[in-house]
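Asks: Need coordinates for the following:
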Amino acid sequence: MTATVELLRQYTRDDPRGRFPRRIGAPAIECNRLAMVWRPLIDMTHTDAAPISLRMIRSVSAWIAAAEPGRISWFSRMSVPGLRRQVVRHAGLDDYDVTRPADLPPVLRTPAWQRLVDAVDGFGALDGYTQALVVFQLAQLTLNRFALVLTGGLVAATGERGSDQCAYETARVAARLPGQAAAALPVFEALATGPDSVLAYHACFQGIAHALRGADDLGRAERFAGQAATLPPLGDDWEAHLTHSRFHRALVRLCTAQGRTAQVRAELDAAWRRQGQMDAAGPTGDENFLMISDENRRDLLELEIESARTVAPAAPPRLRDWAAELIRLDPRAVEARLFIGDAYMLAGDHADAARWYARAGELGTSAGAIGWFRAGQCYDRIGDVDAAVAAMGRCLELDTTAIEPRQYLAERG
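Replies: The predicted structure follows:
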C-alpha cells in the first residue's frame, strides 16, 4: 500500500462540533496577520491579497448599492457556514464576532458593511433579484443562518424570474447547513421545471451536488440529471458555456457515485471544453468576468485532483501541472492550498506536499487545522519528526478537539 493511500485526510474529534480557541492579545485589524488575507470576510474591506471568492465580495456589494433590474451574480463559491467566526477567533478579533450584520458596532462598520445593514433593514422592499444578491452576500460572509431568518426560511418557486432567483440562492444557502439539504431539494426540483432554462440547468446541477453530498440520495441525483437532459439548448454566449461547464462538473460527481469511472474523464473533458468556449466568448478585460472564469477553472483543477485521488489516477507530471496552475490562480485560498498539497502528495513529492499543507495551516480555521494535520503526517513520512511534532501542535492550537494529533504528540513524548 502506498503512503498516499495511508495518509489520513481528516482527524477525528472528541467533540463533533470542534472547539476553535480565541486568541488573546492579538494585533488590531490593520496589523493583524490573518486579517491581511481574510479582511473582506471580517469587515468587507477589499484587498488584492485575499482569495478570489473573498475579492468577489466587493462586486456584490456594489451591485446591491446600484440595484439593476435583472442583475444576477454568476459567482458561485460559498464558504463553509460559520467560517467567519473561526477566522475572527483565530485572529483574536472578538469585537467582530457577530451573527447578524447589525450586531457589529457602528464604529467598526465599513461603508460596505453599513450598506449591507441598510439592505437587510429594507429587504422587504427590494426586488427579487436584489434580494437574491443580499442573500448571496450574507452567504459570502458565512452568515447562512441569518440569511434564512431574513427570508423567513426557504422561498418557494413561483415562476416569476426575480422571485425564483431569490428562491434559488436561498435554497443554496440552506443546503450548505448541516442536515438541511433534503429540505432544499424540493425547491431545486421546482426550479428545474420552471420557465427559465438557465436557472433550470443551475437547479439541476445544484440538485445533483446536494442530493449526493447532503442527502446521500443517488436516485434523486439521477432524476436531476434526467431532467437536465430534457432542457433546451442555452445558446452560445459565455453564460451558457459557464452553465454547461458547471453542469458537467456535477456529472463528474454523479458518475463517481454511480461507479461509472470510465465516464468521469469524458465529463471532465466536456467541462474543460466549455471553459475554453466561455473564455473565448467572454468580455475582454472585464474584472468580474475574469474572476468568474478563474473561479470555474479553480473548481475544475480541484475536481481533477480529487478525481485523481479517488477514481481516475493521473501521472505525476500532470498532477504537478495542476498544482502549479492552482498556485498561479488562487495561492491564498486555504482550500486551494490543501488541494495543492494533495496534488504533490499524489505525485509522491512528500516534502512539497508538507510545505503546502503547512501553508494552508498558516491561514487558520478548521481547514487550516486539517492542513497542519496532513503536514504532520508528511513530515513524519520523510523522517522530520521535529517538524511533524510542530505541525501536530499547531493543529491542536486551531482545534483543541483533534484526537489523532494529540495521540501523535503523546506517543512522541
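Asks: List the residues that contact Phe205.
Replies: Contacts for Phe205 (C-beta atoms under 8 Å, 6 or more residues apart in numbering) come out as Phe224, Ala228, Arg246, Phe247, Arg249, Ala250. No exception for glycine: its C-beta is placed from N, CA and C like everyone else's.
Asks: go on, Leu199?
Replies: Arg161, Asp164, Gln165, Tyr168, Leu191.
Asks: I'd like the distance between the nearest residue in space to the second one that is not next to it in sequence and Ala167.
Replies: Spelled out, that is Asp164. Closest residue in space to Asp164, ignoring its immediate chain neighbours: Ala157 at 5.3 Å, by C-beta to C-beta, 6 or more residues apart in numbering. Computed as C-beta to C-beta, to the nearest Å, the Ala157 to Ala167 distance reads 5 Å.
Asks: joint contacts of these two?
Replies: Common neighbours of Ala157 and Ala167 (C-beta under 8 Å, 6+ apart) are Val187, Ala190, Leu191.
Asks: and which of the residues you listed is nearest Arg298?
Replies: Using C-beta to C-beta, Leu191 is the member of the shared contacts of Ala157 and Ala167 that lies nearest Arg298, at 25.7 Å.
Asks: contacting residues for the closest one?
Replies: Remark: with contacts taken as C-beta under 8 Å, 6+ apart, Leu191 is in contact with Ala157, Asp164, Ala167, Tyr168, Ala171, Leu199, Ala200, His202, Ala203.
Asks: With Ser73 instead?
Replies: Ser59, Val60, Trp63, Ala132, Leu133, Phe136.
Asks: Kindly reformat those residues as a markdown table containing neighbour count and distance to Gly82.
Replies: Formatted as a markdown table, these follow (neighbours: other C-beta atoms under 10 Å; distance: C-beta to C-beta, whole Å):
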| residue | neighbour count | distance to Gly82 |
| --- | --- | --- |
| Ser59 | 16 | 23 |
| Val60 | 22 | 20 |
| Trp63 | 20 | 25 |
| Ala132 | 26 | 22 |
| Leu133 | 25 | 21 |
| Phe136 | 27 | 17 |
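Asks: check contacts around Phe136.
Replies: By C-beta under 8 Å, 6+ apart, the neighbours of Phe136 are Val60, Ser73, Phe75, Met78, Glu169, Val173.
Asks: what's the burial count for the fourth one?
Replies: In this case it means Met78. Met78: 18 surrounding residues under other C-beta atoms under 10 Å.
Asks: Now it: closest residue in space that isn't a chain neighbour?
Replies: Here the residue nearest Met78, using C-beta to C-beta, 6+ apart, is Ala139, at 4.7 Å.
Asks: Sitting in helices, which of the contacts of Leu191 do you find?
Replies: Asp164, Ala167, Tyr168, Ala171, Leu199, Ala200, His202, Ala203 (DSSP state H).
Asks: Would you mind pulling up the elements that the longest helix belonging to the chain packs against?
Replies: Looking across the chain with DSSP H, the single longest helix is helix 287-310. Helices and strands touching helix 287-310, by 3 or more C-beta pairs under 8 Å, 6 or more residues apart in numbering; DSSP states H and E, are helix 52-65, helix 238-258, helix 261-281, helix 316-329, helix 334-346.
Asks: mind saving the C-alpha coords of the first one as PDB?
Replies: Listed in PDB are the C-alpha atoms of helix 52-65, where the atom choice follows Å, rounded to 0.1, in the frame of the first residue of the first chain:
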ATOM      1  CA  ILE A  52     -10.800  35.000  -5.400                       C
ATOM      2  CA  SER A  53     -14.000  34.200  -3.500                       C
ATOM      3  CA  LEU A  54     -13.400  37.000  -1.000                       C
ATOM      4  CA  ARG A  55     -12.400  39.500  -3.600                       C
ATOM      5  CA  MET A  56     -15.900  39.000  -5.100                       C
ATOM      6  CA  ILE A  57     -17.500  40.500  -2.000                       C
ATOM      7  CA  ARG A  58     -16.700  44.000  -3.300                       C
ATOM      8  CA  SER A  59     -18.500  43.400  -6.600                       C
ATOM      9  CA  VAL A  60     -21.700  42.000  -5.000                       C
ATOM     10  CA  SER A  61     -21.800  44.900  -2.500                       C
ATOM     11  CA  ALA A  62     -21.600  47.400  -5.400                       C
ATOM     12  CA  TRP A  63     -24.400  45.600  -7.200                       C
ATOM     13  CA  ILE A  64     -26.600  45.900  -4.100                       C
ATOM     14  CA  ALA A  65     -25.800  49.600  -3.900                       C
END
